[in-house]
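Enquirer: Here is the input, now give the coordinates:
(one chain, ligands or ions: 1)
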Amino acid sequence: MSERPTLIPGCRRILHGGDYNPDQWLGTPEILDEDFRLMELAGCNAFSVGIFAWTSYEREEGRYDFGWLDRLLDRMARAGHRVMLATPSGAKPAWLSQKYPEVRRVDRHGRREPHAGRHNHCWSSPIYREKVAEIDTRLAERYHAHPALGLWHVSNEYSGECYCDLCLASFHRWLEARYGSIEALNEAWWTSFWSHTFTDFEQIDPRDRSIDALGLDHRRFNTDQVLDFLRWEVAAIRRHSRDVPCTTNLMGTFAPIDYSRLVSAVDLVADDQYPGYSPDDPMLERTVRRVSFKSDLHRCFKPERPWLLLESCPDAPQWKHPVRLKRPGLHQAEMLQALGHGAEGTCYFQWRKGRGGGEKLHGAVVDHVGHEHTRVFRDVAALGACLNKLEPIIGSEARARVALVFDWEARWAFEASEGVKSTRQEYEEVCIDHYSAFARQAVSVDVIDSGRDLSGYALVVLPQLFLLRPGVAARIARFVEQGGVAVATYYTGYVDPSNRCFTGGFPGDGLMDVFGIWNEETDWLTDGVARRVAVTEDGLRRGLEPSYEAQGVCAVVHPRGARPLAVYAEDFFRGTPALTEHRLGRGRAFYQATALGGEFLRAFYAQLVDELSVPRALGGELPPGVAVQRRARGEREFLFLQNFSGAAQRLTLPGAYADLLSGDALGQALELPAWGSTVIASRGGS
Ligand code: GAL
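Expert: Modelled structure (predicted):
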């Protein structure tokens, strides 16, 4: 069995630590001494350093001083800790903004931003690039062989757009490279609409949202700009540091940047999460699934290696309203959820609360009181001890036979298209609706973009895959013909990559033949209004209830080879199919013409999961708020169990397990207290 890579090469530990800002405490060395004592007590072993420390290295242009960092890294090495050394490009020094105004971003209204905040540099400025490359190169040159160096933490949460002349010119060049000629662009963008035919690339203003394709291309361009900037930083590091992995911290499903492309520039995936599991949140069950969804997305960006939870909060972030404290037990549950979904490190923002600045009241491992006798510190230290016991999970992986397609381009096209975007069938939310139905059955799901290979999956779910990239429809067709099961919904296959509607009927690009239906039109129901749907004999045989309520949108569909499993029971489209099944080759394709709710989705997918013998980590349906993930290495299986439901829950185990945390052999059932969590391992196997 070939070994899976660890996050830090050669380091077989679960990373535990966080953003550490000693540069804010250089005047009080006793605090730094205390930090090292506390790190030991907290069972922490990995720290992100220097994220916003540029001015501390280069107080004046070209005069560098890395004294404090030299001392810190040496000390980290002596303590056996690993450092995720940041490049400081996320916040620029004031002298840089003052001397070179071009590094400051220009907003949508053409105003140059003042020197303020962070994450707001121009993506194109040659001066900013040069300065960033210089500081990154110096860091790499100086520390590439340092024994404490574990990873490169490139910048911080890249985001934002700049509308300066340089970025504008860069957009025009990008368009020229994409389309070759202005005629080809006009054709692709359907610019005769509202007399938008362009005769020169320079006439194109990215703020014009009346051309759907323009907005879509500007998003692609923005992703490319960020990707290019990330590559620029990685290249500066790589000039001196070839073997230390690079990562950058992502923000879940952040809409503006196509993360499925951004991750191509880094060696491993790192994410920041702040779910705010609040005990009285009526959407708690949703929050649990939302976190799992985005974690599976991150796991699938680079399935061949673990990902890293680089930021989370050991307590409560100051920016959540209301600021609810983490309930006892919750911290461990949240961290085990990440590990269950393939992470091998759980780190925090932040190690110690600063005394000033906008984040002085943000939760941290070390509070202003300064000692270890706080509830939060104890929780973190308890987790540190628990992670040591979990080292057997290192190298195990999650395996899924179900894939759900979550595609940034489809999302952007949907959100740029008037007439669908306001239906409240928000792209991500609909994806989470479908994902949740599997999560409630403890079925592992790969969340992938539409460019991925589908062979190998038993079931592929395509919620609202509005835009079809070239080749995607053909790949879906092949998947079904060769025995796969595909499930699509209303608003699938409307537009091509230029956000131009397919002609000849929806779902387009050949998908009408795959699903055996024509989706003629779609009614958008008023909030609170529902339409009854009656399940047919065929549908009842699939374990569905006799009737459901359609909410949101009702697509009016005509079968073209598909059989109805449910039909609308009211309105002018009464009798037309609400749910269909089509046999094609050796497989089947289902079309959901409307949203029938969580109960329907669970019943519908439970039946498919059984039919296709897709494994469940636990038998039966999980109670709301309970999450289970499965990882395995060879024959050895690990189940990660979390109870976010706020009440004790009893789970029936499918075999012989031992609790990895307590070491106890377990019987047939396991009681998880409110906010309780644990990891259990199959007995036997190595
Ligand atoms: C993150 C950011 C951190 C810190 C944190 C607060 O988005 O990367 O630097 O600001 O939020 O929750």
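Enquirer: Contact residues of the protein facing the ligand?
Expert: When proximity is defined by CB under 6 Å from any ligand atom, the chain lies next to the ligand at 156-157, 272, 274, 311, 317, 349, 359, 362. C-betas here are computed from N, CA, C, even on glycine.
Enquirer: Mind putting the residues you listed into JSON lines with pLDDT?
Expert: Formatted as JSON lines, these follow (pLDDT from 0 to 100):
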{"residue": "156", "pLDDT": "98"}
{"residue": "157", "pLDDT": "98"}
{"residue": "272", "pLDDT": "98"}
{"residue": "274", "pLDDT": "96"}
{"residue": "311", "pLDDT": "98"}
{"residue": "317", "pLDDT": "93"}
{"residue": "349", "pLDDT": "97"}
{"residue": "359", "pLDDT": "96"}
{"residue": "362", "pLDDT": "96"}
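Enquirer: Which residues does stretch 206-214 contact?
Expert: Here stretch 206-214 makes contact (CB atoms under 8 Å, 6 or more residues apart in numbering) with 108, 163, 168, 171, 188-191, 193-194, 196, 204, 215, 218, 221, 413, 416-417, 498-500.
Enquirer: Tell me the buried residues in it?
Expert: Neighbour counts over stretch 206-214 (16 or more other CB atoms under 10 Å) mark 206, 211-214 as buried.
Enquirer: among those, which are in helices?
Expert: Members of the buried residues of stretch 206-214 lying in helices (criterion: DSSP state H): 212-214.
Enquirer: out of the contacts of stretch 206-214, which are buried?
Expert: By 16+ other CB under 10 Å, the contacts of stretch 206-214 give 163, 168, 171, 188-189, 191, 196, 204, 215, 218, 221, 413, 416-417, 498-500 as buried.
Enquirer: which stretches of the stretch 451-600 of the chain form helices?
Expert: 472-481, 511-515, 537-541, 598-611 (DSSP state H, counting those that start in this stretch).
Enquirer: quick one: contacts for the residue of the stretch 51-200 of the chain found nearest the ligand?
Expert: The nearest approach of the stretch 51-200 of the chain to the ligand comes at residue 157, 4.5 Å away (CB to the nearest ligand atom). By CB under 8 Å, 6+ apart, the contact set of residue 157 is 90, 119, 249-251, 272.
Enquirer: same deal with residue 101?
Expert: Contact analysis of residue 101 by CB under 8 Å, 6+ apart lists residue 112.
Enquirer: Which strand or helix spans the residue lying closest to residue 161 once chain neighbours are set aside?
Expert: Spatial nearest neighbour of residue 161, excluding adjacent residues (CB to CB, 6 or more residues apart in numbering): residue 222 at 5.4 Å. In this assignment (DSSP states H and E), residue 222 forms part of helix 212-238.
Enquirer: buried stuff in that helix?
Expert: Neighbour-count burial for helix 212-238 flags 212-227, 229-234, 236-238 (criterion: 16+ other CB under 10 Å).
Enquirer: still on that earlier bit, quickly check the residues of the chain next to the ligand for the two that are furthest apart.
Expert: Spanning the widest gap among the residues of the chain next to the ligand are 156 and 317, at 15.5 Å by CB to CB.
Enquirer: Buried deepest among the helices of the stretch 451-600 of the chain, which one?
Expert: The highest mean neighbour count among the helices of the stretch 451-600 of the chain, using mean count of other CB atoms under 10 Å, belongs to helix 511-515: a mean of 25.
Enquirer: Can you check which strand is longest in this structure?
Expert: If you go by DSSP state E, the chain has its longest strand at strand 547-559.
Enquirer: quick revisit: if we look at the following helix or strand past the helix holding residue 222, which residues are touching it?
Expert: Next in sequence after helix 212-238, counting helices and strands by DSSP H and E, comes strand 246-247. With contacts defined as CB under 8 Å, 6+ apart, strand 246-247 is touched by 84, 151-154, 234, 237-238, 265-270, 308, 310.
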